[in-house]
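1. Fold the stuff below for me.
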Amino acid sequence: MGAGESADDFAAIQNSEWYKRFMNHCPSGQLTLHEFKTILGLCDMNPQANMYVEQVFQIFDMNQDGFIDFLEFIAAINLVIRGKIDQKLKWYFKLYDADGNGCIDKKELLSIFTAIQAINGHTNMSAEEFTNMIFQKIDVNNDGELTLEEFITGVERDGDLMELITKSFDLSNVLKVIQSGRRHSI
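-> Purely as a prediction, here's the structure:
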């Protein structure tokens, strides 16, 4: 920032740049699921990976109208870039809770982690090992489900787990694709 520029001025400039990029990718101002997948190069994936991308899209589509508009887009970017850890953990929880019942069960976590591995490449741990480790560490009442409170408290208490989850489910690669202006042909 130069002399005389405030943090608000800087944020306005950044938002203006994001707006230009968004409108470049999506001239209608409404990003469809197909365009979202195309921009990120995530078409023609296996069913689990496809389900994960659709779930990310649905979470970004806050008003559930089937499109991501610029306000929804910028809110998602701000969460990824500037969000506090508890906000990000709530977002991760919502992503993992595929059926929306307020709890994450092993099947949901296994499915999401398998999908993420298909997109990001394999990690040093299988999806089954990851799921079992998460539940072993943070399912305090051993009921086979994680509540939002169990999830946030458990992850915040375990630095290694926090790092693993943050790296595994980080969406900064999505932002890099958008920032670079790369667009795959439709």
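2. so where's the protein shaky on pLDDT?
-> The chain contains residues with pLDDT under 70 at 1-15, 119-123, 168-186.
3. In it, mark out all the helices, start to finish.
-> Remark: helices assigned in the chain by DSSP state H are 7-25, 33-39, 47-60, 70-82, 85-96, 106-120, 127-138, 148-157, 159-168, 172-180.
4. what's around Arg157, how many residues?
-> 11 (other CB atoms under 10 Å). C-beta: built from backbone N, CA, C; applies to glycine.
5. State the distance from it to Glu150.
-> 11 Å (CB to CB, to the nearest Å).
6. same deal with Leu40?
-> In terms of CB to CB, Leu40 sits 31 Å off from Glu150.
7. wait, what's in contact with the closest residue to Asp139 other than its chain neighbours?
-> Of all residues not flanking Asp139 in the chain, Leu146 sits nearest, at 5.8 Å (CB to CB, 6 or more residues apart in numbering). Leu146 makes contact with Phe93, Cys103, Ile104, Asp105, Leu109, Ile134, Phe135, Ile138, Asp139, Gly154, according to CB atoms under 8 Å, 6 or more residues apart in numbering.
8. mind checking how far the closest residue to Lys94 other than its chain neighbours is from Leu89?
-> Spatial nearest neighbour of Lys94, excluding adjacent residues (CB to CB, 6+ apart): Ile59 at 5.8 Å. Separation of Ile59 from Leu89 (CB to CB) stands at 14 Å.
9. And the two? Which one has more around it.
-> Legend: neighbour count by other CB under 10 Å for Ile59 and Leu89, higher for Leu89 (21 against 16).
10. Verify the stated contact: Phe93 with Leu148.
-> Yes. At 5.3 Å, Phe93 and Leu148 qualify as touching, with contact defined as CB atoms under 8 Å.
11. Cool, thanks, talk later.
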